[in-house]
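Enquirer: need coordinates for the below:
(4 chains)
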Amino acid sequence: MIEHVLPVPPAALFIVGALLIPLLKGQLRKIFLLFIPIVAFVNLLYLPQGTYWTYHFVGFDLIFGRVDSTSLPFGYIFVIMAFLGALYAIHVKESSEHIAAFILVGASLGAVFAGDYLSLYLFLAIMTVSSAFLVFSRRRKSATDAGFRYLIFHFFGGSLLLAGIILYYISTGNLYFGLLEGNELYLYLILIGFLVKAAVPPFHTWLTDAYPEGTATGSVFLSAFTTKTGVYLLVRAFPGTEILIWLGAIMAVYGVVYAVIENDGRKLLAYSIISQVGYMVAAAGLGTQMAINGAIAHALCHILYKALLFMGPGAVLQVTGREKLTELGGLFKAMPVTFWLFMVGGVSISGVPFFNGFVSKTMIIASAGLQGEAVVYVLLLLASVGTFLHTCLKLPYYMFFATDRGIKAEEPPRNMLMSMGLTAFLCLFIGIYPAILYNILPYPVDFVPYTTEKVVEKIALLSFTLLGFWLLKDKIAGQPTISLDTDWFYRKAGPAFMWFCRNPASVFASWKDLAYAKICFAFILLFRHNSPELLLTAEKRVIQSRERRQLASRQPAPLDSLTIGFSIFMFTFIVALFLLLLVFGKLVP
Amino acid sequence: MNPVVIRTVTRILVPFIQLFGFYIIVHGPVSPGGGFQGGVVVGASMILLALAYGAHEAESKVSHHVRIAMDSLGSLAYAGIGLLGIAAGGLFLQYNIIPLPLPPARVNGIMIFLIGVAIGVHIMALVLSLFLHTTEETEKDD
Amino acid sequence: MNISQHFPILVIITLFTGAYLAPLAGLWKRKLCYPLAVLSALLSFLFSVVILLSVLEHGIIRYHVGGWEPPWGIELLVDPLSAFMALIVSFIGLLAVVYSKDYIAGEIPDKKLPAYYSLLQLIIGGMLGALMTGDLFNLFVMTEIFSISAYALVSIAQKKGSLIASYNYLILASVGTTFILFSTGFIYMVTGSLNMVDISQRLSALESPWVMYNGLILLVIGFAIKSALFPLHTWLPDAHSIAPSPVSVLLSALVIKVGAYSIIRSVFTVFGPGLLEQSGVVTIPVTWMASLGILLGSIYAITQTDIKRMLAYSSVAHIGYILLGIGLASTASMTGGIFHILNHALGKACLFFCAGAVLHKTGIRNVEEYTGLAGKMPITMIAFTLAAISLVGIPPTSGFMSKFYLAIGAYQESWIFLAVILLGSLLSAVFYFRVINLIYFGEPEHKSGVREQGAEIGGVVHRQPTTDNRREAPLTMLIPIIILALGSTLFGILVHIPLSVVEPAVKLLLGM
Amino acid sequence: MINLLPPNLPYFICITLLLIGLYTMIIKKSLIKKIMGLNIFSTSVFLFLISMAYRRGGAPPIKAEGVELYVNPLPHALVLTGIVVALALTSFALILVINIYKEHKTLDSEKLTKL
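Expert: Numbers count the residues shown, from 1 in each chain, chains lettered A, B, ... in the order given. As a prediction, the model looks like this:
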């Protein structure tokens, strides 16, 4: 029976499901929210590898289902994550948030299984809009602004991607999305488009800007999908691109440095996403079979533990309404279960043996070592130390211990704990039985994570970091300030742009006035025609232009105070210009 | 200026002007002129009346409702004649094939005449309306 | 003789007859005007559907009014492009007429209802006439008919500033139409014909190109005023924002498109495929002006706080897209440009209808006050979102497809145009998403303040806003909104339907 | 240059009128004067059309015995239509101007834009 119904496109399941959400109420909706990911998972299990759901769409071939060993792992983890996220957010009453989250999941699945650029672009755009809506759902000024910056940034990246796609289409005549090689312009445009998705510096600011502003439940969804889709795209299109190795390595360290000095819990985690994605980008850049395996495995593990980590501060935010580390502390007594579950995520991300971070991260570092990239190897190792320092030690320490600020708290709702517990279980399970992860990777794995040498090396590194933290823990306490990052530029760019829209436009208007006055004067001079009318008009224009310019320097000036006389003049001017050009033969081809 | 002179001259002239207007309309098929020109002349005569005796005089002769009716009926008659061409199996406005018990040239002439009358009716109401609208509005204000 | 052969003339005559029946009916019973107007608009819509189907099946329709042959008589010429445009015009015209019933009751005095419906039908009929005609002079006459109706409709509500807006529109557009007449005379002087097809044959045999260029330049610039090409757009924001909403829809979604259509006709039909190389004289400057219009129109729109003014400036940008596509004159860009006519008509009509519905129910015009309207008018706001997304050009909607084609065509010419198109989309995302964000996630504490402020707008006191939560506009207003929103979404997926008309039209225009 | 003038005199007059009309519309601030400018402007175009149709020694375009050369009738039809259009425009514009004056008590276009 089930074989006849399934498989259906995974993206369609979620998107259609999202549209049905507002129709359901109460208990039924809760069941529905959990039911869809389960169906989707079963659907994926029945999904054989191959290319299907191809449509001929006005001269373009759309491929909605390219299922192979690269896209399938992402599909699995996205669906699992959708289940965990839905469980975590099931208590939220507002349907808009659920709809946005499910559309985000659906679009990410669509993007991962897309086999051509047009449908890929379609799903990426839907992802952008739906995740911006998740940020907007916080319903406060800073969230709105952050969501807006997120939207514009991604539209900007999308525009470059679209430009790349068009160039690609014109030069190759098809839209097939696959490995890209060569030295064409479209290659770079598409690469930048993907780098924006993967939050590679300097295109990362949207991430640290928007993710902390999401709702407690929304950030869990946000953290999982967008960047990992970016990683998938890089793995798919640009494996073995030299520049990605360096970008990734720098990214890993960069994220760590900012995370260490960050004060907002979820912003810290956002920086740590950048750092972790750095590993994957570097692995994609290395491009060996083992590195690609590592990138995908790390993406999968990362989704789990990063979701767990976002769930922790999310639960704290849900219960206490606070986010800043300097405002938190001493919550351990009230929320022990949350703490321990959070710590599972913390040790996973740090790569402690027997947790899932270890099995994937060591794979990437080892493949860097095998390639002989010594500098990259060291950078990645360093980043892993920093990760341990800030996520596993600093964040829980200042959130759950440190100074007790007497905050009234309790354990979060049961569904949140259940979701965290399930995620923590998966982290541990994969850490102990890595084979289940290695089996779904695209290339055969002959990598053994649990060698004595690797375990000892890791434990030694981590113990030294722990020691260092105990000695220096007061020095790295979060400061209640905003650390300066490249997002400063575009935080300022928004207002500056609005200023540009208002002011130079009116300055331009004043130029027009001035030009008009000049032309009147020219008439007077040319024809020795002392018309008081003309003189008066000219003088008035000069005054008007001066007024406008003064207005512009002070405040937004009204724009369109054009008289029709001027409009007709403009018209006449254009006609005259054309005719003059015609007479002088400039226009004739 | 004595309004009596103007009014008297107007009263004498208006019928002749109108007659001339009707003449132009009716002779449309065979000589220069036609519905539009004739209609304007007739309308102008009414404007003359309005100038000499005041707008309300013209208004009372040809009231707003009558003007609208004339205006619409004139245009509808034109469209109707055009549609007759289609009904007769020809093209729109192809009036020479309308099946009347007359020679085709006569049918043609009659139809052009009818169209002229329709346009004339339409235009005379329109010209007067245009004039009366402008005056009406200002008078109300004063 | 088959009756369907007469449809090109019937489509126009139905509306003109309706236009003159309206005042007559108004003398008897004012309530009759509305059903009559709906009936005639519906009939002409049905006629244009049949015309489109028969054009696609049998090719170009020629209809000689009064049985006179082309060089002397007036010829109606319906090719795929004009049938396509006619369908858009009659369809959105029908929706605008339907929408008027409840909206207009609060806007204009009861006494003017017959005049309003009469003008509404005249403007649609005039546009259809301009689309169907194959005669240059007739094009001028029809342009004047719908323009004069447009001037009158802008000022019919007698709101503050509407008279001046109408006056400005009148003076500027008349200068344009006078130039069109001038150019018609010019072309007649050198070719001795007014029939478009005839002219194109005679022009290609012409020795001296100067006169021809002169005529082309005057013609295109004259129509450029009608279509509000960038530096000549100054009349548009006032006229489109002050007019009653159904009229704004007609002006913004249709009238400027008919202007663009006339530019296509003058460049590609009057001057013909044979002279396409030479028509670069105007098409190249037109593309540059259009590119400027895309950017500056969007930037101006960002600074606006009045929703209808914002939409009006966005129309300046979108007419830029259309004319950019036309000016580039390649297959892909023309397909994009003509397809964008449909998309912008659907999207912008929907947005103006939504803005009108909000204005009607709550009296809100200011964008900042749109906060939290999603709770009060959910259907209207969903429609608004869909249409806005389509105009920004986000994939599953139809706006994306036309911009995609445009972008392909643009890159074939120069990367600058590609950059302009993408940047324009980005800018339009800024102002549309600002509104969408306010609608759904606006801060709720603003809400209480809005109700007191929004009562009196533009001199017309609207109904006191009500306090209960869900207040959608009446059905006559809601149904057009829903249809248009669905249309602008569905045509993104069912692209092959409009493209099956656009492609033959483009092939014919480019002489392939 | 000089011999160019006599046969083309109507065209030169027409262009002059056209420029006068445009000048009036641009420079004059009164809304009524702008309408006058528009009328002059369109009249120049009518003049152009008429002079184009004129043939020296041509007869009126009504069929008669022994007349070969007719004046071209079509431009006259165009001009007639053009005049009707101009009439409609002018009258509508005048009504608008009357209403504008009633509302704002001024006809100065500069002042009106400041509103």
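Enquirer: in what helix or strand does residue A:162 lie?
Expert: Under the criterion of DSSP states H and E, residue A:162 resides in helix A:141-172.
Enquirer: how big is the angle separating the helix or strand following that helix from helix A:141-172?
Expert: Per DSSP H and E, the first helix or strand lying C-terminal to helix A:141-172 is helix A:185-197. Relative orientation of helix A:185-197 versus helix A:141-172 (axes from the mean of the first three to the mean of the last three C-alpha atoms, to 10 degrees): 160 degrees.
Enquirer: helices of chain D, start to end?
Expert: D:9-27, D:31-53, D:74-104, D:109-113 (DSSP state H).
Enquirer: single out the most deeply packed of the ones you listed.
Expert: When you average the neighbours per residue for each of those (mean count of other C-beta atoms under 10 Å in any protein chain shown), helix D:31-53 leads with a mean of 21. From N, CA and C alone the C-beta is placed, and that goes for glycine too.
Enquirer: that helix packs against which elements?
Expert: helix C:162-191, helix D:9-27, helix D:74-104, helix D:109-113 (3 or more C-beta pairs under 8 Å, 6 or more residues apart in numbering or on different chains; DSSP states H and E).
Enquirer: how much does that helix deviate in direction from helix D:74-104?
Expert: 180 degrees.
Enquirer: chain center to the host helix or strand of residue A:283, what's the gap?
Expert: Secondary structure assigned from DSSP H and E places residue A:283 in helix A:265-286. Relative to its chain's centre, helix A:265-286 lies at 11 Å (C-alpha atoms, centre = their mean, to the nearest Å).
Enquirer: can you list the buried residues in it?
Expert: Residues of helix A:265-286 classed as buried: A:265-286 (neighbour count, 16 or more other C-beta atoms under 10 Å in any protein chain shown).
Enquirer: for stretch C:68-86, same thing?
Expert: Result for stretch C:68-86 [16+ other C-beta under 10 Å]: buried residues C:70, C:73-86.
Enquirer: that older thread, give me the next element, helix or strand, following the helix holding residue A:283.
Expert: With DSSP H and E, the next secondary element past helix A:265-286 is helix A:289-320.
Enquirer: what about the closest residue to residue A:236 other than its chain neighbours, distance to chain C?
Expert: Closest residue to residue A:236 apart from its sequence neighbours, by C-beta to C-beta, 6 or more residues apart in numbering or on different chains: residue A:70 at 6.2 Å. According to C-beta to the nearest C-beta, to the nearest Å, residue A:70 stands 23 Å off from chain C.
Enquirer: low-scoring stretches of chain D, by residue?
Expert: Where chain D drops to pLDDT under 70, the residues are D:1-6, D:54-72, D:110-115.
Enquirer: on that earlier part again, adding distance to residue C:398, write the helices and strands packed on helix D:31-53 out as TSV.
Expert: What follows is the helices and strands packed on helix D:31-53, written out as TSV (distance: least, C-beta to C-beta, whole Å):
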stretch	distance to residue C:398
helix C:162-191	29
helix D:9-27	41
helix D:74-104	37
helix D:109-113	38
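Enquirer: nearest to chain B, out of those helices?
Expert: Among the helices and strands packed on helix D:31-53, the nearest to chain B by C-beta to the nearest C-beta is helix D:74-104 (4.4 Å).
Enquirer: just the pLDDT at the closest residue to chain D within the stretch 151-300 of chain A, thanks.
Expert: Here the residue of the stretch 151-300 of chain A nearest chain D is residue A:152; by C-beta to the nearest C-beta that distance is 34.3 Å. Per-residue confidence for residue A:152 comes out at a pLDDT of 83.
Enquirer: neighbours of it, just the number please.
Expert: By other C-beta atoms under 10 Å in any protein chain shown, 22 other residues sit near residue A:152.
Enquirer: how about chain B: which residue is closest to chain D?
Expert: Closest point on chain B to chain D, by C-beta to the nearest C-beta, is residue B:130, at 4.4 Å.
Enquirer: is any part of whichever strand or helix holds that residue close to chain C?
Expert: Per DSSP H and E, residue B:130 falls inside helix B:104-141. No - using C-beta under 8 Å from any C-beta of the partner chain, helix B:104-141 stays clear of chain C, with a minimum separation of 9.0 Å.
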